[in-house]
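Enquirer: Requesting a structural model of the entry that follows:
(2 chains)
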There are 2 protein chains.
Amino acid sequence: MRGAHTIPAMREQDIMAVITSQRRLTDPRVLLGPGDDLAALLLQRQGGGGALLLGVDQVIDGLHVHAHAVSWDRIGRKAVHRSLSDVAAMAGRPLATLAAVVVPTSAEVAEIEALCSGLNAAATAWEAPLVGGDVAIQRDAGGPLTISVTVLATADEALGPVSRGGGRAGDVLLVTGHLGGSLKPDGTGHHLDFIPRVDEAHAAADLLGESLHAMIDISDGLGRDAARLAAASGLQAQINMARLPLRAGAGAMDALQDGEDYELLMAVDARATVPASLEGRHGRCPLTVIGSLGTWEASTHRVVVTEPGGTQLDGSKFGWDHG
Amino acid sequence: MRGAHTIPAMREQDIMAVITSQRRLTDPRVLLGPGDDLAALLLQRQGGGGALLLGVDQVIDGLHVHAHAVSWDRIGRKAVHRSLSDVAAMAGRPLATLAAVVVPTSAEVAEIEALCSGLNAAATAWEAPLVGGDVAIQRDAGGPLTISVTVLATADEALGPVSRGGGRAGDVLLVTGHLGGSLKPDGTGHHLDFIPRVDEAHAAADLLGESLHAMIDISDGLGRDAARLAAASGLQAQINMARLPLRAGAGAMDALQDGEDYELLMAVDARATVPASLEGRHGRCPLTVIGSLGTWEASTHRVVVTEPGGTQLDGSKFGWDHG
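Expert: Numbering: from 1, shown residues only, chains lettered A, B, ... in the order given. Here you go, the predicted model:
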């Protein structure tokens, strides 16, 4: 990894590995460091009852949105909702947001107003008020619209932060909502208009309690994100392709690899009573059993995807690496 | 401000005004919203003893650094130190940091390693561990190195957050260290290598107690930042140009307008005993009386700068708007 390698040879995951490898987080206040959906801190003045959750995520024109194709209020909303999806994945309660924006030189005032309106409206709607920010203007015409949103949340009082790494052998894997086809050819679609599963995560935490072992949100594709949950739990995942809940127009391969579903993947004790759906502020969404966690010595795959005909695929290869 | 105006016609302050005008922060958890050095939150489980401080700041190649001219560990360090300077300005204690980075396509692996090393080293040295982050790669060759650092801190237990707006008529204005000439022609200088005045802020809070009425860090130039403190306090500032503590090679006009000093400007009760210097972990720095707060009906300037000959200048015009 050393030497005069330029970036096109690296993937963003590789860069994150460089960063993470340099971490020496021995601070006793850090309950969870980098590597999960959010970090978790224990404030000294707390009795240990609830950790503070925090994380940052970016939305960049050309990578996560096409700023010329959609109204900027939807871009602002997406930027906040992406961070809230990480809060959902920890079963946290949103507390506040911060936004840092770099505006392209070609932007119009009305676009910036719409962007700010979208950021504020989403943050307010989810009780995570935008309490601070920073704005800069790109120096060169080539610089894209860049938004980073930091989110703060508090962990569930009873469960604490629900991490990726709590899965146990025999757990069932459940997914909220429908998967695949999140990006339409015109740049719009579910990836812009999704609802973060904050309420559904709380409902699951309330209904399942300690049986809710691990959780992650599906941002980079079910295959890749299931691999992250399985790896953090020290297990393999098996997924039954025929059981995947598909978005209208999407196939099972789309569900595995498209990403930007922002649905929740949960590992739950197999003895728990699992509801068929979960209540959110915008209605109920289905909860579907798609597989299980365990160890299968016959396969070296982190995620063993079984096709209807019985063929097994390496699911951890399905998905994308967009940072 | 509406219509198809493009960005070159706006300054970043104007954009911030657009954003702030849309804010409706009625959330009882928000003690201080946008507009100060950091926001302040009261967590519900706290007895009110100490607020959580948080803010985000950016470092962008071409605007705040020249990435081709300096080693990237210094860029990482500057990005963290800029945020810590805001912590100092509130007399806060650093708690944690998060970094979001967009890497240009031309970056080398060794540069990214150096950047991460600088971010981590600075965060660790100031007890603000880097607990999370996000990395993306620019899509186009024109996209610059972009770093946003979020900082969390806790307010001083006795004083709470020391805001910009607490200044009172008759207060003396004090400044730490020396001002002006922060940027050398080769791109290096104080703006890269400054020490955030976190320790000095604590020393001032301990020594001055309730007599420390208001504080801001000087990032955009003494003139402009003094205007912010004065405006937030509903007063005018008067500054005696002959008293400004100058960095070697800098003149009084440099001290007023160069910015990136990252020194502290304090408004302190005139009856308090003011020390001549403050202790930090890297030595003592001088504390200089440069003026006072009040109302001067003879002048409409927010900041009245008096030259040695007696001429009065509008100090609020001195400084720059780099977001």
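Enquirer: What helix or strand is the closest residue to A:Ser71 other than its chain neighbours located in?
Expert: In this structure, A:Ser71 finds its nearest non-sequential neighbour in A:Ala114, 5.9 Å apart by CB to CB, 6 or more residues apart in numbering or on different chains. All C-beta atoms are positioned from the backbone trio N, CA, C, and that covers glycine. In this structure, A:Ala114 sits in helix A:109-125 according to DSSP states H and E.
Enquirer: tell me which residues of that helix are tucked away?
Expert: By 16 or more other CB atoms under 10 Å in any protein chain shown, the buried positions in helix A:109-125 come out as A:109, A:111-124.
Enquirer: on that earlier part again, show me what contacts the residue nearest to A:Ser71?
Expert: Contacts for A:Ala114 were tallied using CB atoms under 8 Å, 6 or more residues apart in numbering or on different chains; they are A:Ser71, A:Trp72, A:Asp73, A:Gly76.
Enquirer: among those, who's most crowded?
Expert: A:Gly76 (27 neighbours; other CB atoms under 10 Å in any protein chain shown).
Enquirer: How much space separates the closest residue to that one other than its chain neighbours from chain B?
Expert: Take A:Gly76 and drop its neighbours on the chain: the residue closest to it by CB to CB, 6+ apart is A:Gly118, 2.7 Å away. A:Gly118 sits 10 Å away from chain B, taking CB to the nearest CB, to the nearest Å as the criterion.
Enquirer: Report the contact partners of A:Gly118.
Expert: A:Trp72, A:Asp73, A:Arg74, A:Ile75, A:Gly76, A:Arg77, A:Lys78, A:Ala79, A:Val80.
Enquirer: A:Leu229 - that's part of a strand, no?
Expert: No - assigned with DSSP: H, G, I helix; E, B strand; the rest coil, A:Leu229 falls outside any strand and is helix.
Enquirer: That one contacts A:Ile218, doesn't it?
Expert: No - using CB atoms under 8 Å, A:Leu229 makes no contact with A:Ile218, being 9.9 Å away.
Enquirer: shared neighbours, those two?
Expert: Common neighbours of A:Leu229 and A:Ile218 (CB under 8 Å, 6+ apart) are A:Leu265.
Enquirer: Just give me the neighbour total for the nearest residue to A:Phe194 once chain neighbours are set aside.
Expert: With sequence-adjacent residues excluded and distances taken as CB to CB, 6+ apart, A:Phe194 is closest to A:Tyr262, at 4.5 Å. A count of nearby residues for A:Tyr262, using other CB under 10 Å, gives 25.
Enquirer: Which residue is the nearest non-sequential neighbour of the residue in the stretch 1-150 of chain A that chain B sits nearest to?
Expert: Residue nearest to chain B within the stretch 1-150 of chain A: A:Gly142 (1.8 Å; CB to the nearest CB). Nearest non-adjacent residue to A:Gly142, counting by CB to CB, 6+ apart: B:Gly142, 1.8 Å away.
Enquirer: Specify the next element, helix or strand, located C-terminal of the helix holding A:Ala114.
Expert: That would be, after helix A:109-125 and using DSSP H and E, strand A:130-137.
Enquirer: close to chain B, is the next helix or strand after that next one?
Expert: For strand A:130-137, the succeeding helix or strand toward the C-terminus, using DSSP H and E, is strand A:146-154. Yes - residues of strand A:146-154 are located near chain B by CB under 8 Å from any CB of the partner chain, namely A:Thr146, A:Ser148, A:Thr150, A:Leu152, A:Thr154.
Enquirer: Confirm A:Cys285 sits in a strand?
Expert: Yes - checked against three-state DSSP, A:Cys285 lies within a strand.
Enquirer: any idea how far it is from A:Pro144?
Expert: Here A:Cys285 is placed at a distance of 33 Å from A:Pro144 (CB to CB, to the nearest Å).
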